[in-house]
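Enquirer: only the shape, not the letters, is given here:
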């Protein structure tokens with residue numbers, strides 16, 4: 001067995017634990033990642049593979065054999081797969097752009113205390129608080145027709161992410177369309193939905209271990225498989241909602257808990273349809289997260305300008321921006337930009353970007369809205 005310094009081993013074990021919790025190692029749901037989350041997990045994955053490869057080269061006379069399988073559908077990450085856990089994550093990311101999430105909240109990591117940090121830093125900036133209050137007021141006035149238990153929430157977007165080599169200069173990829181369908185069944189399900197991207201359809205489904213009855217592996221609605229009815233059951237008091245979010249969110253030591261909560265809210269308002277009161281509560285809860293700011297001008301993936309609600313991830317030197325129409329305050333999209341100069345990019349460089357073009361309710365997975373009614377803003 002190769003000797004590894006205690007500090008490095010501890011750090012690597014923490015990272016591997018995070019990846020293991022993303023694996024379908026049991027009855028685990030798999031959920032579509034937003035472009036920013038997907039890029040982050042790919043970066044973590046490839047860092048582990050590089051580290052393992054370097055250690056194997058240094059400590060063992062055995063070298064990876066030529067012709068080892070490379071990671072499918074990840075041409076910008078052409079490294080041999082050496083770490084078993086990392087390989088599984090790579091396949092999950094590549095085959096469907098999904099990751100396991102069922103076991104991720106239950107063990108390991110550091111749970112944020114309910115409500116921790118929600119007001120310790122005084123919440124968002126004054127400008128952000130005022131703008132979020134306006135956005136919440138608009139959301140509350142928006143008529144949203146309830147989504148039926150047997151229907152699907154449909155979201156069509158256009159975007160691009162970093163296509164550069166791992167840990168190298170950022171190169172924004174080609175803009176492309178993305179469509180997702182989310183099942184609204186409240187009860188435990190194994191068929192969660194569908195993603196259509198880059199000309200391929202990928203099911204979003206629960207990983208069912210061999211010999212397990214699918215009914216026993218099915219996953220109910222929740223934060224990681226939100227449905228309209230489940231979202232409607234959440235508290236509409238922003239403090240209570242934020243406390244619930246912090247209680248459900250786990251992060252590794254050194255990671256920014258507030259940033260993770262901000263990201264989870266962004267995922268929900270970006271690719272779901274929810275009751276007006278719930279949407280308003282999410283926006284008001286966001287105003288209570290420390291470090292949230294307002295950006296006067298931001299541009300989404302299709303060139304629409306708007307104001308943004310943002311938060312900086314100081315560890316990675318990036319800023320995530322939710323973009324809203326300046327006049328109507330409708331949600332337009334999200335992007336991640338570098339907030340400071342780094343070895344990978346200059347400040348202001350776009351890392352990933354996505355624009356929501358349509359939200360609707362349909363009756364079947366894979367069905368495009370057509371003449372179907374368009375849903376209200378989420």
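Expert: Alright, I've got the coordinates. Here the structure is a predicted model, which means the values were calculated and not measured.
Enquirer: so which residues of the protein form strands?
Expert: With strands called from DSSP state E, the chain shows them at 30-32, 98-100, 110-111, 152-161, 176-183, 191-197, 200-205, 250-251, 292-299, 305-313, 318-324, 331-338, 350-362.
Enquirer: okay if I get those as CSV plus mean pLDDT and distance to residue 122?
Expert: From N, CA and C alone the C-beta is placed, and that goes for glycine too. Supplementary listing: the strands of the chain in CSV, determined by pLDDT from 0 to 100; distance: least, CB to CB, whole Å:
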stretch, mean pLDDT, distance to residue 122
strand 30-32, 41, 33
strand 98-100, 33, 34
strand 110-111, 36, 23
strand 152-161, 97, 33
strand 176-183, 96, 35
strand 191-197, 94, 38
strand 200-205, 92, 38
strand 250-251, 90, 21
strand 292-299, 97, 11
strand 305-313, 97, 14
strand 318-324, 97, 19
strand 331-338, 97, 24
strand 350-362, 97, 28
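Enquirer: which stretch among those comes nearest residue 138?
Expert: Residue 138 lies closest to strand 318-324 among the strands of the chain, at 9.0 Å (CB to CB).
Enquirer: other residues contacting that closest one?
Expert: If you take CB atoms under 8 Å, 6 or more residues apart in numbering as the criterion, strand 318-324 is touched by 36, 131, 135, 259, 262-263, 266, 269-270, 295, 298-300, 304, 306-313, 330-339, 351.
Enquirer: try 7 Å this time
Expert: Strand 318-324 is contacted from outside by 36, 135, 263, 266, 295, 298, 300, 306-312, 330-339, 351, using CB atoms under 7 Å, 6 or more residues apart in numbering.
Enquirer: so which of the strands of the chain is nearest residue 244?
Expert: Among the strands of the chain, strand 110-111 comes nearest to residue 244, with 12.6 Å by CB to CB.
Enquirer: circling back to that earlier point, could you dump the strands of the chain into TSV with mean neighbour count and distance to residue 238 added?
Expert: Listed next are the strands of the chain as TSV, based on neighbours: other CB atoms under 10 Å; distance: least, CB to CB, whole Å:
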stretch	mean neighbour count	distance to residue 238
strand 30-32	24	25
strand 98-100	24	29
strand 110-111	14	21
strand 152-161	22	23
strand 176-183	20	24
strand 191-197	19	28
strand 200-205	17	29
strand 250-251	18	21
strand 292-299	18	13
strand 305-313	23	14
strand 318-324	25	16
strand 331-338	25	18
strand 350-362	21	23
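Enquirer: show me where pLDDT drops low in this structure?
Expert: 1-121, 371-378 (pLDDT under 70).
Enquirer: switch the cut-off to 80
Expert: Within the chain, the segments meeting pLDDT under 80 span 1-122, 214, 371-378.
Enquirer: of the strands of the chain, which approaches residue 168 most closely?
Expert: Judged by CB to CB, the one of those that comes nearest to residue 168 is strand 350-362, at 12.9 Å.
Enquirer: could you check the angle strand 292-299 makes with the closest one?
Expert: If you take axes from the mean of the first three to the mean of the last three CA atoms, to 10 degrees, strand 350-362 sits at 90 degrees to strand 292-299.
Enquirer: quick check: angle from strand 350-362 to strand 318-324?
Expert: 40 degrees.
Enquirer: show me where this structure has helices.
Expert: Ranges of helices in the chain, per DSSP state H, are 6-20, 35-59, 84-94, 126-141, 214-217, 228-232, 238-248, 257-270, 276-286.
Enquirer: how big is the angle separating the last one from helix 126-141?
Expert: Per the same axes, to 10 degrees, the angle that helix 276-286 makes with helix 126-141 is 170 degrees.
Enquirer: which strands or helices does helix 276-286 pack on?
Expert: The helices and strands touching helix 276-286, judged by 3 or more CB pairs under 7 Å, 6 or more residues apart in numbering; DSSP states H and E, are helix 126-141, helix 238-248, helix 257-270.
Enquirer: reformat these as CSV; add distance to residue 288 and mean neighbour count.
Expert: Converted to CSV, these look like this (distance: least, CB to CB, whole Å; neighbours: other CB atoms under 10 Å):
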stretch, distance to residue 288, mean neighbour count
helix 126-141, 9, 18
helix 238-248, 6, 19
helix 257-270, 10, 20
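Enquirer: put together JSON lines for those, with distance to residue 180 on each row.
Expert: Shown next, in JSON lines, are the helices and strands packed on helix 276-286 (distance: least, CB to CB, whole Å):
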{"stretch": "helix 126-141", "distance to residue 180": "21"}
{"stretch": "helix 238-248", "distance to residue 180": "22"}
{"stretch": "helix 257-270", "distance to residue 180": "11"}
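Enquirer: those helices: which one's closest to residue 279?
Expert: Checking the helices and strands packed on helix 276-286 against residue 279 by CB to CB gives helix 126-141 as the closest, at 4.0 Å.
Enquirer: just the angle between the closest one and strand 305-313, please?
Expert: Angle between the axes of helix 126-141 and strand 305-313 is 120 degrees (criterion: the same axes, to 10 degrees).
Enquirer: what is the spatially closest residue to residue 153 that is not a sequence neighbour paired to in the beta sheet?
Expert: With sequence-adjacent residues excluded and distances taken as CB to CB, 6 or more residues apart in numbering, residue 153 is closest to residue 182, at 4.5 Å. Under DSSP bridges, the beta-bridge partners of residue 182 are residue 153, residue 193.
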